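Visitor: got a sequence here, can you model it:
(chains A and B)
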Amino acid sequence: MARRDTPEINAGSMADIAFLLLIFFLVTTTMDVTSGISRKLPEKPPKDAPPPPKIKERNIFEVTINRNNMLFVEGGIMDINDLREAAKKFIDNGGGTISAGTEKNDCDYCEGEKDPNSSDNPSKAIISLQNDRGTAYKTYIAVQNELVAAYSEIRDRYSLKKFGRRFGELTTDQQKVVKDAYPQIISEAEPNKS
Amino acid sequence: MSKFTKKKKGLPPISTASLPDIVFMLLFFFMVTTVMRETDPLIDVRVPTATEVQKLERKNLVSYIWVGKPKMKYREKYGNTDKIQLNDKFAAVSDIKNFILAERASKKEEEIPYMTTSIKADEEANMGIISDIKIELRDINALKINYATHKGTDPKKENN
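Guide: Numbering: from 1, shown residues only, chains lettered A, B, ... in the order given. Predicted structure coming up:
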């Protein structure tokens, strides 16, 4: 049977078509990775909830940012550059003592000063952050960053000591151990109405 | 005589036959990695920088709330105070609940606990509006939030 030769299709314009599509996708693509500081909001208390248990004054680390972006920590003015160290000192204080009949209150892995007027142990240490409505977002993020950094430095130190690796390189189970030892408790009060 | 005719000098032309292949490869790469821009920002946002940032996994479970001043071309119409943008339009604080509920409705039941709200706020914004957003989110139990920041220099250094 006679077969007719089909003429070869010219593929020279293929590159042009592909380029056109390529440029379209190049323009529409967004490569930005979403990154940021993750936080968990407190759950809304039910209406008939019992009043929260009293927390001892020494277990609260109060941080207040006013409308002029100034920092008040535990009643005194503090520069933001000192906040991280102060928070670390507070979290890692471990001033609790073993008293019979009550829940475990001491901290045998803390390296702090064991000041009886500061936090009992890391799982009781609460950082309370309060801001004004006029506070700049930038300052707020800077303070949040410092507080998270304080926790992650302490966690890194603890996991290096316990597992010989940094917190980020641990397995999930090991991370849980470290997280239980130093839970991140940052409570945010509602802002001052002013 | 033909033995002595000069041979043609010069480089042979470079074959471009593989050019389409290369281009197609790039094309497929971009086609696979691309995420179509879903919203058109009406707001100028320069997110602050921080050092302790985490990447957000599972982008499809993230809902975005933009906070900042409107772009120059919208200032006449909307003023230049801090505004909230949800999807493609400006919104009020009270719209956030419905926005999150709508986002939830479009996801699978088992994915709802992993949903995160990312607040993309301009660094010049006030905390007042952010606090309002946080109260709204708390009311409707959208507790996982994320303050969008760039990874970069220590924020405190440029602060004071």
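Visitor: could you look up the SS state of the nearest residue to residue B:27 once chain neighbours are set aside?
Guide: Leaving out its chain neighbours, the residue that sits closest to residue B:27 by C-beta to C-beta, 6 or more residues apart in numbering or on different chains is residue A:22, at 4.5 Å. C-beta here means a position set from N, CA and C on the backbone, and glycine is covered the same way. Recorded secondary structure, residue A:22: helix (DSSP: H, G, I helix; E, B strand; the rest coil).
Visitor: so where's chain B shaky on pLDDT?
Guide: Applying pLDDT under 70 to chain B flags residues B:1-8, B:35-38, B:154-160.
Visitor: what comes into contact with the longest strand along it?
Guide: Counting by DSSP state E, the longest strand found in chain B is strand B:62-70. Outside strand B:62-70, the residues that touch it by C-beta atoms under 8 Å, 6 or more residues apart in numbering or on different chains are A:34, A:137, B:39, B:41-45, B:56, B:75, B:77-86, B:90, B:96, B:99-100, B:103, B:115-122, B:124-125, B:129-130, B:133, B:146.
Visitor: need the next SSE after that strand, C-terminal direction.
Guide: Sequence order places helix B:72-78 as the next helix or strand after strand B:62-70, per DSSP states H and E.
Visitor: longest helix of chain B, counting residues only.
Guide: Looking across chain B with DSSP state H, the single longest helix is helix B:19-33.
Visitor: if we look at that one, which residues are touching it?
Guide: Residues contacting helix B:19-33 (C-beta under 8 Å, 6+ apart): A:11, A:14-15, A:18-19, A:21-22, A:25-26, A:29, A:31.
Visitor: buried ones from these, can you make that a PyMOL selection?
Guide: Applying 16 or more other C-beta atoms under 10 Å in any protein chain shown to those leaves a buried subset, and the PyMOL line that selects it is:
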select buried, chain A and resi 15+18+19+21+22+25
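Visitor: so among the contacts of helix B:19-33, where is pLDDT lowest?
Guide: Of all the contacts of helix B:19-33, residue A:31 carries the smallest pLDDT score, 64.
Visitor: filter the contacts of strand B:62-70 down to the buried ones.
Guide: With burial judged by 16+ other C-beta under 10 Å, the buried subset of these is A:34, A:137, B:42-45, B:56, B:82-86, B:90, B:96, B:99-100, B:103, B:115-122, B:125, B:129-130, B:133, B:146.
Visitor: among those residues, which lie within strands?
Guide: In strands, judged by DSSP E, the following of the buried ones among the contacts of strand B:62-70 are found: B:43-44, B:83-86, B:90, B:116-121, B:146.
Visitor: can you redo these as a markdown table with distance to residue A:170?
Guide: Output for these, formatted as a markdown table (distance: C-beta to C-beta, whole Å):
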| residue | distance to residue A:170 |
| --- | --- |
| B:43 | 39 |
| B:44 | 40 |
| B:83 | 42 |
| B:84 | 39 |
| B:85 | 39 |
| B:86 | 38 |
| B:90 | 44 |
| B:116 | 23 |
| B:117 | 28 |
| B:118 | 26 |
| B:119 | 29 |
| B:120 | 31 |
| B:121 | 32 |
| B:146 | 23 |
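Visitor: intersect those with the contacts of chain A.
Guide: B:116, B:118, B:121, B:146 (C-beta under 8 Å from any C-beta of the partner chain).
Visitor: neighbours of the nearest residue to residue A:25 once chain neighbours are set aside, how many?
Guide: In this structure, residue A:25 finds its nearest non-sequential neighbour in residue B:30, 3.9 Å apart by C-beta to C-beta, 6+ apart. Using other C-beta atoms under 10 Å in any protein chain shown, the number of residues around residue B:30 comes to 19.
Visitor: what distance do you get for residue B:30 to residue A:16?
Guide: Separation of residue B:30 from residue A:16 (C-beta to C-beta, to the nearest Å): 17 Å.
Visitor: likewise for residue A:29?
Guide: Computed as C-beta to C-beta, the residue A:29 to residue A:16 distance reads 20 Å.
Visitor: so where do the strands sit in chain A?
Guide: A:35-40, A:60-65, A:71-73, A:76-78, A:126-131, A:186-188.
Visitor: pipe those strands into CSV and attach mean neighbour count per row.
Guide: As requested, the strands of chain A are exported to CSV (neighbours: other C-beta atoms under 10 Å in any protein chain shown):
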stretch, mean neighbour count
strand A:35-40, 18
strand A:60-65, 20
strand A:71-73, 18
strand A:76-78, 10
strand A:126-131, 19
strand A:186-188, 16
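Visitor: can you lay out those as TSV showing distance to chain B and mean pLDDT?
Guide: Shown next, in TSV, are the strands of chain A (distance: least, C-beta to the nearest C-beta, whole Å; pLDDT from 0 to 100):
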stretch	distance to chain B	mean pLDDT
strand A:35-40	4	82
strand A:60-65	8	85
strand A:71-73	10	85
strand A:76-78	12	83
strand A:126-131	5	84
strand A:186-188	8	80
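Visitor: turn the ones you listed into a markdown table, columns for distance to residue A:153.
Guide: Formatted as a markdown table, the strands of chain A follow (distance: least, C-beta to C-beta, whole Å):
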| stretch | distance to residue A:153 |
| --- | --- |
| strand A:35-40 | 15 |
| strand A:60-65 | 16 |
| strand A:71-73 | 18 |
| strand A:76-78 | 18 |
| strand A:126-131 | 14 |
| strand A:186-188 | 15 |
